[in-house]
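Visitor: Next come a sequence and a model predicted from it.
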Amino acid sequence: MNTVELNHVSKELKGFSLKDLSIKVPQGYITGFIGPNGSGKSTTIHMIMDILKPDQGEIKLFDSPNTEAQLKQKIGFVYDELYMYENFTIKKMKAFIAPLYDGWDDQLFNKYLHEFDLPFRKKLKHFSKGMKMKCSLLFALAHNPEFIIMDEPTAGLDPIFRRELIDLLQELMVDEKRTIFFSTHTTTDLDHIADYIVFINKGEIVMQKSMADIQEYFHIIKGRSDMLDQDMRSLFLGVRETAQGFTALLEGDSSLFDEFKNDVIIEKATLEDIMYFKTKGSN
Ligand SMILES: Nc1ncnc2c1ncn2[C@@H]1O[C@H](COP(=O)(O)OP(=O)(O)OP(=O)(O)O)[C@@H](O)[C@H]1O
């Protein structure tokens, strides 16, 4: 079962378009949504949340059209910016938001309020960027959502809280029905916790795979420039050459390079390597 499904979704904006996006976010797993600046991550998330309408295609949440208002009960949504009244305090916001959710859990709210070290009676306009992000998380999590969708949740967070957040997301997954989908620039956030990756560039899906497949099939090959003939070059998804030699991304079986094993270095590719070569270092 998929918690989210986008089928052939397109959207035309001024000077930018999302083209024929088909995305599946499987239930019970963490899916990371990656891509360079301006590739369309926020726009896609806004369409999933029905803040923006697609021009074409369909979007389903829990197997229903994403336009059904009742679905919001099951979703915790974290924006990259806090769309809340700057003059409100957390106390006032709680009075406003809690009654909207059947699953609101005061105990859970107080637990995260304490864990995130947030002031209950301070106006939001005096919050730092990281505090605003934590506040957004607090309200997203306090109604025990089945689906957590976040746009850049680690942006503006210090490395300590960032790590705590990643741990928290992992803890939330003990509920087997729960699904998490989040965008990030920081691919290291995903290395340990993501089960699936969706990679978007210039409004198009470039890759959609499980982390297990990515770890098994993507390699970085490093060698001397004189080895890099046309045949070898054609095997790579991207190549970067420097005075020291070449570094290239290979998708597929690295045993192809067994005959060169004394002359090349073969390493597992990181998500950052894949993103780099599939955008900048394209062959
Ligand atoms: N409402 C809008 N009207 C016109 N253009 C828009 C609108 N919203 C976004 N865009 C454009 O769509 C493109 C994709 O933006 P989007 O914010 O979705 O990318 P992103 O992948 O989330 O980027 P970042 O990682 O920098 O946050 C950008 O060129 C942006 O200027």
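Guide: Now that the structure is in, tell me what you want to look at. Numbering: from 1, shown residues only.
Visitor: Surely Leu165 and Leu137 touch.
Guide: Yes. With contact defined as CB atoms under 8 Å, Leu165 reaches Leu137; the gap is 7.3 Å. Where C-beta positions appear, they are placed from N, C-alpha and C, glycine not excepted.
Visitor: shared neighbours of the two, anything?
Guide: Shared contacts of Leu165 and Leu137 (CB atoms under 8 Å, 6 or more residues apart in numbering): Pro153.
Visitor: Which residue of those two possesses the greater neighbour count?
Guide: Leu137 (23 against 19; other CB atoms under 10 Å).
Visitor: tell me, how many neighbours does the nearest residue to that one once chain neighbours are set aside end up with?
Guide: In space, and not counting its chain neighbours, Leu137 is closest to Val78: 5.6 Å by CB to CB, 6 or more residues apart in numbering. Other residues near Val78 number 22, with proximity taken as other CB under 10 Å.
Visitor: beta partners for Val78?
Guide: Met150 (DSSP bridges).
Visitor: For the nearest residue to Glu204 once chain neighbours are set aside, give me its contacts.
Guide: Nearest non-adjacent residue to Glu204, counting by CB to CB, 6+ apart: Lys19, 5.1 Å away. Residues near Lys19 by CB under 8 Å, 6+ apart: 10, 203-204.
Visitor: How far does the helix or strand containing Lys19 sit from its chain's centre?
Guide: Take DSSP states H and E as the rule and Lys19 turns out to sit in strand 16-26. In terms of CA atoms, centre = their mean, to the nearest Å, the centre of strand 16-26 is set 14 Å apart from its chain centre.
Visitor: what about the helix or strand just after it, near the ligand?
Guide: Next helix or strand after strand 16-26 toward the C-terminus (DSSP H and E): strand 30-34. No. Using CB under 6 Å from any ligand atom, strand 30-34 stays clear of the ligand, coming no nearer than 8.7 Å.
Visitor: Heading C-terminal from strand 30-34, find the next helix or strand.
Guide: Criterion used, DSSP H and E; the element after strand 30-34 is helix 41-48.
Visitor: List the contacts of that next one.
Guide: Taking CB under 8 Å, 6+ apart as the rule, helix 41-48 contacts 4, 6, 9, 11, 13, 16, 18, 21, 23, 33-35, 52-54, 59, 61, 66, 80, 149, 151-152, 181, 183, 200.
Visitor: out of the residues you listed, which are buried?
Guide: For the contacts of helix 41-48, a burial check counting by 16 or more other CB atoms under 10 Å picks out 4, 6, 9, 11, 18, 21, 23, 33-35, 54, 59, 61, 66, 80, 149, 151-152, 181, 183, 200.
Visitor: ok, Ala155 touching Ser136?
Guide: No. Judged on CB under 8 Å, Ala155 makes no contact with Ser136 at a distance of 10.9 Å.
Visitor: All set now, cheers.
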